[in-house]
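Undergrad: just the structure for this:
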Amino acid sequence: MKKRSAFLEFVQVVVIAALIIFPIRIFVGSPFYVQGSSMEPNYHEGDYLIVDKISYRFDEPRRGDVVVLKSPIDTSYYIKRIIGLPGEKVVINNGDITIFSQGEQLNLNEEYLNQNIYTNNTVDNLLSDDEYFVLGDNRPVSFDSRLFGPIQKSDIVGKIFVRLFPLNQDHVSKPINY
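TA: Predicted structure coming up:
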């Protein structure tokens, strides 16, 4: 009789834990493991991150946010930085990125990048009301909006909330100054 009640208690604990953990993981936050070097020097291969999946239900993504997104071309997930917002025009020419927002030209000061990073490709893209332009911080190796185009808000899984591992690095997600 004691073995049966211990087993039932164990099953209850597992069911209650599942009822608590699964909704949190689906709707609030989930882990993300960085693969590749497209976000160096700020995020590295092997970094273990927690993605905030709920904030964008109440607030809009902002320029400079580092987000996890579903690839618009396959089943992969990417970590990228939001550069262009809905309704803006993004122009990349000769390594310079210029944003045109409501008739004003914004020149980006991307202090989080390594100094010798060159943003290759030529882009002239007017974003629709639900599109974002994303770039990796390590531009020479990043597969981003320069190649696959703008992303929809629905492609954004969430923004990086915290880096859990490795513990020897600070969380870096500085906004863009313009």
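Undergrad: can you point me to the longest strand in this protein?
TA: Counting residues, the longest strand in the chain under DSSP state E turns out to be strand 156-165.
Undergrad: ok, and what's touching it?
TA: 29-32, 43, 46-56, 61, 65-70, 77, 79, 132, 169-171, 173 (Cβ atoms under 8 Å, 6 or more residues apart in numbering). Using the backbone N, CA and C atoms, a C-beta is placed for each residue, glycine as well.
Undergrad: selection in ChimeraX covering whichever of the residues you listed are buried, please.
TA: Buried residues among the contacts of strand 156-165 (16 or more other Cβ atoms under 10 Å), as a ChimeraX selection:
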select :29,30,32,43,47,49,50,51,52,53,56,61,65,66,67,68,69,70,79,132,173
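Undergrad: quick one: low-confidence parts of this protein?
TA: Where the chain drops to pLDDT under 70, the residues are 1-3, 17-29, 165, 167-178.
Undergrad: can you pull out the helices in it?
TA: With DSSP state H as the criterion, the chain has helices at 2-23, 55-58, 145-148.
Undergrad: ok, now how distant is Tyr72 from Lys89?
TA: Just so we're on the same page, residue 72 is Pro rather than Tyr. Distance of Pro72 to Lys89, computed by Cβ to Cβ, to the nearest Å: 20 Å.
Undergrad: apologies, that question was intended for Leu147.
TA: According to Cβ to Cβ, Leu147 and Lys89 sit 18 Å apart.
Undergrad: so these two - more neighbours on which side?
TA: Neighbour count, other Cβ atoms under 10 Å: between Leu147 and Lys89, Lys89 has more, with 16 against 10.
Undergrad: just checking, that one touches Val123?
TA: No - counting by Cβ atoms under 8 Å, Lys89 sits too far from Val123 to count as a contact (9.9 Å).
Undergrad: for stretch 61-81, measure first residue to last.
TA: Across stretch 61-81, the terminal residues are separated by 10 Å (Cα to Cα, to the nearest Å).
Undergrad: just want the most central residue of the chain.
TA: Nearest residue to the geometric centre of the chain (Cα atoms, centre = their mean): Val67, 1.2 Å.
Undergrad: hmm, Ile79 and it touching each other?
TA: Yes - the pair Val67 and Ile79 qualifies as a contact (Cβ under 8 Å) at a distance of 7.3 Å.
Undergrad: the closest residue to Ser142 other than its chain neighbours - how many residues pack around it?
TA: Among residues not flanking Ser142 along the chain, Gly136 sits closest, at 2.7 Å (Cβ to Cβ, 6 or more residues apart in numbering). The tally of other residues near Gly136 (other Cβ under 10 Å) stands at 25.
Undergrad: okay but Gly136 is in contact with Phe143, surely?
TA: Yes - the criterion here is Cβ under 8 Å, and Gly136 meets it with Phe143 at 7.5 Å.
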